[in-house]
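1. Just need the structure, nothing else, for what follows:
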Amino acid sequence: MNHYAQVSATGVTLWGPGALPHFINDKDGNPIDLHKMTDAAKEQLGIYKVREIGKADYDERFQTQERQYGVEDGWPVYRYSYPFRDGARAMMARAVDELAGIERDKFLTLTPGQDEEYKAAAEEAAKALREMELGSVPRADDYPFLSADIGITINPGTGLPVASIEEAAAVVQGVRDVAFAEMAVIRRRRKEGKRDVLAAGGDAEALAVLQALDMTVAEIFMVSDPTPQPLADAAKFNPNLKPLPEGVE
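-> Take a look at the predicted model:
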């Protein structure tokens, strides 16, 4: 809603700022319907729409909005400023963690018990692959979790359901390796983001760092090769996943 104020020729505010009243009286005591007047006609009476200077979007998590009224060059104005809250820098660092969590949630289940199911399937996949390396053929009865994938879980490399324990193990292990590689990318970006937020020269600079931070990683099911790879080579499953540099914690 627009605010108005009546300002004298000497720059003194006679009323306002606030909502435009419906009527005022002229010098003879006759009511004037301001809502039927144009802004130009109101200005002839010294009634001006308050100008807003410096109004902008802001992040309520870290900033507050302050508004100061004054008269500048005969015109009523609101000047806006956005000081940072106490502890804003620490809150921005925590926001980096929240961004990382949002990205992780895209491929990590929060359903109670399902994470244990995934863990059990991964353990079976590792066991089956070791058995295959020793020249043995895995028996379906020994791998109940992988057996559940047969005929149902799609092999991203073929576009068809997996048809054996061996194939199910390769797919589960491959997807798990890519997921861990992507989590490592998120970890790196999270740690770098927090470092840069805390090291910024001021709160405004820290907020700019936070706003520019991109946690997005490739979707983990964009697997192009069902053959399991070591974790260090997990980027081979996804051409959009960049290899990690040496020494990433």
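
2. For the chain, which segments count as helices?
-> Under the criterion DSSP state H, the chain contains helices at 39-44, 88-104, 114-133, 144-147, 165-199, 203-212.

3. now for the last one, which elements pack on it?
-> What it means is helix 203-212. In terms of contacts (3 or more C-beta pairs under 8 Å, 6 or more residues apart in numbering; DSSP states H and E), helix 203-212 is packed against helix 88-104, helix 165-199. C-beta coordinates here come from the backbone N, C-alpha and C atoms, glycine included.

4. any chance of those helices in JSON lines, plus mean neighbour count, mean pLDDT and distance to Glu205?
-> Shown next, in JSON lines, are the helices and strands packed on helix 203-212 (neighbours: other C-beta atoms under 10 Å; pLDDT from 0 to 100; distance: least, C-beta to C-beta, whole Å):
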{"stretch": "helix 88-104", "mean neighbour count": "17", "mean pLDDT": "96", "distance to Glu205": "10"}
{"stretch": "helix 165-199", "mean neighbour count": "20", "mean pLDDT": "93", "distance to Glu205": "9"}
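
5. want to try a markdown table for the helices of the chain, with distance to Glu72 as columns?
-> Formatted as a markdown table, the helices of the chain follow (distance: least, C-beta to C-beta, whole Å):
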| stretch | distance to Glu72 |
| --- | --- |
| helix 39-44 | 15 |
| helix 88-104 | 30 |
| helix 114-133 | 61 |
| helix 144-147 | 72 |
| helix 165-199 | 36 |
| helix 203-212 | 25 |
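
6. picking up where we left off before, and of the helices and strands packed on helix 203-212, who's closest to Asp26?
-> Nearest of the helices and strands packed on helix 203-212 to Asp26, taken as C-beta to C-beta: helix 88-104 at 50.8 Å.

7. between the closest one and helix 165-199, how big is the angle?
-> For helix 88-104 against helix 165-199, the angle by axes from the mean of the first three to the mean of the last three C-alpha atoms, to 10 degrees is 170 degrees.
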